[in-house]
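*Asks:* Dropping a prediction and its sequence here:
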There are 2 protein chains.
Amino acid sequence: MRGKDRTQGSGQGSGQGSGQGSGQGLGKSGHLDFPRPLTTVDVVIFAILDDRLQVLLVQRPAGEDEPFPLSLALPGGFVDVAKDRDLAACAARKLKEKSGVSSPYLEQLGSWGSATRDPRGWSATHAYFALIPPDASVLTSDARWCPIGAGFKEKLAFDHGEILASAIQRLRNKVEYTSLPAYLMPAEFTLPDLQRVYEIVLDRPLEKSAFRTRILSADMIEPVANMRRGPNRPAQLYRLRKGRDPVYFVRTFNPPE
Amino acid sequence: MRGKDRTQGSGQGSGQGSGQGSGQGLGKSGHLDFPRPLTTVDVVIFAILDDRLQVLLVQRPAGEDEPFPLSLALPGGFVDVAKDRDLAACAARKLKEKSGVSSPYLEQLGSWGSATRDPRGWSATHAYFALIPPDASVLTSDARWCPIGAGFKEKLAFDHGEILASAIQRLRNKVEYTSLPAYLMPAEFTLPDLQRVYEIVLDRPLEKSAFRTRILSADMIEPVANMRRGPNRPAQLYRLRKGRDPVYFVRTFNPPE
DNA sequence: ATACTTAGTTGTACAGTCCAACTTATTTAG
DNA sequence: CTAAATAAGTTGGACTGTACAACTAAGTAT
């Protein structure tokens, strides 16, 4: 471990430990030659498939020197300082590589960093979460969709179980009061379809009429010419309004309890 | 730049580019000897002082090889892989060093990483934001409180203007529908005090009666024995209920417009 | 034609905010 | 000692949006 003078910088001397400049083994030449954490980006990719909320997971490679060989993990990997302009670009790249999708909903989830999460040393990951429509997924061979619900927290590599749990929680939270599920829908869908997706994610039934007024008054979807025909009354088809950011509602649907 | 075989790992070959294990210049021995981004943690520390929302900023050190010498910046610095157990601990340490406060509200804000944000190379910062009460601040010499509002976005070092803007937005958002401002209050305070703080952060007046019912029904504060006396009718003093997480309200106060 | 099923609407009850006016408790001025 | 001033706190009606349940509408299956 280099940079023994590093510790000196963490006190409260003037100018030290502040900003990205000082306080860490930065000699007279500014070499910044102290150990740096490993830096990765992971993406939690959600889709509704088979009427279930599913996550895209990949299997870790086999090998003696691989951490968590053959375990399931979130798609992700090291930031490539030569290729990735920024973190979002890195996340978008990994999303594209694994799911084939390029412009869905992609939001930063948070970061996890510690000395112990990766056996190879201090590491930090920047986690993103993505919502993609069910028709868009073109998978690579090592990736597969896994329905959530099973006890992932224990089984996934690294702390990915924790990250996934956090993503699910964030998704559920936002579904309570935003239009996020719209990004999980195919190009055209009906209002009952959309309500179904809300119910799948929230895992509880919602009121039909309140749901309809909320969604329609949010002005986030617009009707198309066609109707969906079936064995009963046809339903109006809608599509997402273009360039629309997620809408925040101010009240929850009929709340649990 | 080492690790020329690095690019080979970013394709979609089986097992490559997935997880923190493979895909990057990892030779037969697993050395992980490719360039890593600089890793820092920055903290946006808010307090209400002089009836204004203020942020704690530090001045960057002078010096030829320092980026943004003498500019104002968020308190923060490199992750110390020897000292910091995890990111939150690192943030708490930096908060303590600069403000003297140890257990306020500390929440992860997000991360910013790119090739260009630091002139010394690819860097990523993990940003936190903290709320501290007005009576708790014991500053170090290089730190000072700055009222928000002035065009920080341009003047701060690195992309700290952007991070600060994001923190302010998050704070305002959350104040609309949570009890977060409670963490900005001194140990004992009155309901009108609390309402004042909400109004300062949101920069608009709120309805007294709706405010009171909301706050009181949220069950996050409890009355103490005393009253605050003054030149007019005394007001009931309250304190934060212990171990209470922020409460989420489901409706905004009288919304702007 | 009739039953069945799902789409979509309507109406009443209720909860919480908005707004404005009101009451209450104290200090200060005369 | 009373009256004015001021801020704390309460009350009630208008309004908005949800919860719930019953209803109508439009198609298929028999």
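*Replies:* Yep, it's here.

*Asks:* alpha carbons only for contacts and neighbour counts from here, please
*Replies:* Fine.

*Asks:* what residues go with each domain of chain A?
*Replies:* A:38-175, A:178-240 (automatic domain parsing).

*Asks:* of all these, which lies closest to B:Arg214?
*Replies:* Among those, the nearest to B:Arg214 by C-alpha to C-alpha is domain A:38-175 (20.6 Å).

*Asks:* need the longest helix for chain A.
*Replies:* Longest helix in chain A, counting residues (DSSP state H): helix A:160-177.

*Asks:* can you list the residues of the stretch 51-200 of chain A near chain B?
*Replies:* The stretch 51-200 of chain A comes close to chain B at residues A:58-61, A:65-67, A:73-79, A:81, A:84-87, A:97-98, A:108-115, A:122, A:126, A:140-142, as judged by C-alpha under 8 Å from any C-alpha of the partner chain.

*Asks:* Tell me how far the lowest-mean-pLDDT helix or strand in chain A lies from the chain's centre.
*Replies:* Within chain A, confidence by mean pLDDT, DSSP states H and E is lowest for helix A:152-155 among all helices and strands, at a mean of 75. Centroid separation for helix A:152-155 versus its chain: 17 Å, with C-alpha atoms, centre = their mean, to the nearest Å.

*Asks:* Buried residues in that helix, which are they?
*Replies:* Under the neighbour-count criterion of 16 or more other C-alpha atoms under 10 Å in any protein chain shown, helix A:152-155 has A:Phe152 buried.

*Asks:* DNA strand D contacts on the stretch 101-250 of chain A?
*Replies:* Proximity of the stretch 101-250 of chain A to DNA strand D, by C-alpha under 7 Å from any atom of the strand, involves residues A:206-207, A:209-211, A:213-214, A:229-234, A:249.

*Asks:* 10 Å instead?
*Replies:* Proximity of the stretch 101-250 of chain A to DNA strand D, by C-alpha under 10 Å from any atom of the strand, involves residues A:177, A:205-218, A:227-235, A:249-250.

*Asks:* if we can go back for a sec, tell me the helices and strands packed up against the least confident helix or strand of chain A.
*Replies:* On a contact count with 3 or more C-alpha pairs under 8 Å, 6 or more residues apart in numbering or on different chains; DSSP states H and E, helix A:152-155 meets helix A:160-177.

*Asks:* just checking, what packs against the helix it packs on?
*Replies:* Looks like helix A:160-177 contacts helix A:152-155, helix A:191-202 (3+ C-alpha pairs under 8 Å, 6+ apart).

*Asks:* Tell me which residues are up against the shortest one.
*Replies:* Applying C-alpha atoms under 8 Å, 6 or more residues apart in numbering or on different chains, the external contacts of helix A:152-155 come out as A:Ser71, A:Leu72, A:His160, A:Gly161, A:Glu162, A:Leu164, A:Ala165.

*Asks:* gap between the residue of the stretch 51-200 of chain A found nearest DNA strand D and A:Leu131?
*Replies:* Per C-alpha to the nearest atom of the strand, A:Tyr177 is where the stretch 51-200 of chain A lies closest to DNA strand D, at 9.3 Å. According to C-alpha to C-alpha, to the nearest Å, A:Tyr177 and A:Leu131 sit 16 Å apart.

*Asks:* which non-adjacent residue is nearest the residue in the stretch 1-150 of chain A that DNA strand C sits nearest to?
*Replies:* Residue of the stretch 1-150 of chain A nearest DNA strand C, by C-alpha to the nearest atom of the strand: A:Asp51 (14.3 Å). Computed as C-alpha to C-alpha, 6 or more residues apart in numbering or on different chains, the closest residue to A:Asp51 that is not its neighbour in sequence is A:Ile200, at 7.1 Å.

*Asks:* so who does the one you found touch?
*Replies:* Listed by C-alpha under 8 Å, 6+ apart, the contact partners of A:Ile200 are A:Asp51, A:Arg52, A:Leu53.

*Asks:* and the residues you listed as a markdown table, adding secondary structure and distance to A:His31?
*Replies:* Formatted as a markdown table, the contacts of A:Ile200 follow (DSSP: H, G, I helix; E, B strand; the rest coil; distance: C-alpha to C-alpha, whole Å):
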| residue | secondary structure | distance to A:His31 |
| --- | --- | --- |
| A:Asp51 | coil | 54 |
| A:Arg52 | strand | 51 |
| A:Leu53 | strand | 48 |
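
*Asks:* Alright, that wraps it up for me.
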